[in-house]
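S.K.: after the sequence you'll find the predicted model.
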Amino acid sequence: MQTFRNAKQINFNTIIYVLIFSLLMSFFGYLYEQIDFIPNYLLANNPKEISVYWSKFHYIVNPAHYHILPATLTVFCLLYIWINRKRLNKLQYKSLILVTTLIIIVNILTVIAVFQINDKLYFSKEVNNQINLKWLAIVWSFINIIRLLILFICSLEIYNKFKTN
């Protein structure tokens with residue numbers, strides 16, 4: 001019986017580490033996008049030309065394909081923790097509520113960034129004016145900075161509250 005409990009504890013700890021890994025994987029993916037994509041729009045003399053190049057690049061390599069894995073891992077890990085929440089102490093339970101809420105906010109911001117902004121920045125066939133493209137890049141950058149901060153907070157919160165578990 002004791003071995004079974006130890007196996008459950010090891011499994012729970014593994015889920016916590018996979019959750020932290022997936023949060024950091026998303027964090028570094030968004031950080032890469034922030035460093036790579038946005039300066040090209042903001043510093044370019046002709047954002048329309050940059051848009052054409054990025055459209056060709058994203059036609060072949062869609063950034064969404066990278067983000068599917070960590071997002072899926074995060075959801076499954078949080079679901080597992082919620083199912084096994086009886087083993088959490090009060091601080092861990094409050095942390096779980098906070099992290100889950102913040103991850104929902106990140107996902108809402110991601111839907112806005114992907115479906116409202118990325119389509120126009122990277123996949124639009126219509127020619128947008130330069131001011132509109134720069135404005136969209138600024139808005140996307142602001143949304144991305146919020147996502148980065150939230151994911152960083154979530155990673156620290158999970159690590160600090162569950163590391164002794």
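M.R.: Thanks, I have the structure now.
S.K.: CA only for contacts and neighbour counts going forward, please
M.R.: Noted.
S.K.: quick check: next helix or strand after the helix-or-strand element of the chain with minimal mean pLDDT?
M.R.: Counting by mean pLDDT, DSSP states H and E, the chain has its least confident helix or strand at helix 47-60, which shows a mean of 65. Once the chain leaves helix 47-60, the next helix or strand it forms, by DSSP states H and E, is helix 63-83.
S.K.: how far off centre is stretch 157-165?
M.R.: 20 Å (C-alpha atoms, centre = their mean, to the nearest Å).
S.K.: once you drop chain neighbours, what's closest to Leu69?
M.R.: Leaving out its chain neighbours, the residue that sits closest to Leu69 by C-alpha to C-alpha, 6 or more residues apart in numbering is Ser22, at 8.0 Å.
S.K.: give me the phi and psi angles of the one you found.
M.R.: Note on Ser22: backbone dihedrals following degrees, to the nearest 10 are phi -70, psi -40.
S.K.: for it, grab the count of nearby residues.
M.R.: Using other C-alpha atoms under 10 Å, Ser22 has 23 neighbouring residues.
S.K.: show the pLDDT at it.
M.R.: Looking at Ser22, its pLDDT stands at 95.
S.K.: do the one 4 residues further on as well
M.R.: pLDDT recorded at Ser26 is 94.
S.K.: contacting residues for it?
M.R.: Ser26 makes contacts with His67, Pro70, Ala71, Leu151, as judged by C-alpha atoms under 8 Å, 6 or more residues apart in numbering.
S.K.: for Tyr66, same thing?
M.R.: Gly29.
S.K.: state the distance from the residue positioned nearest the centre of the chain to Ile83.
M.R.: Nearest to the mean C-alpha position of the chain, counting by C-alpha atoms, centre = their mean, stands Ser26 at 4.1 Å. Taking C-alpha to C-alpha, to the nearest Å as the measure, Ser26 and Ile83 are separated by 23 Å.
S.K.: again, but for Gln116
M.R.: Gln116 sits 34 Å away from Ile83 when distances are taken as C-alpha to C-alpha.
S.K.: quickly find the element holding the residue nearest to the centre of the chain.
M.R.: helix 2-43.
S.K.: and the angle from that helix to helix 63-83?
M.R.: In terms of direction (axes from the mean of the first three to the mean of the last three C-alpha atoms, to 10 degrees), helix 2-43 departs from helix 63-83 by 150 degrees.
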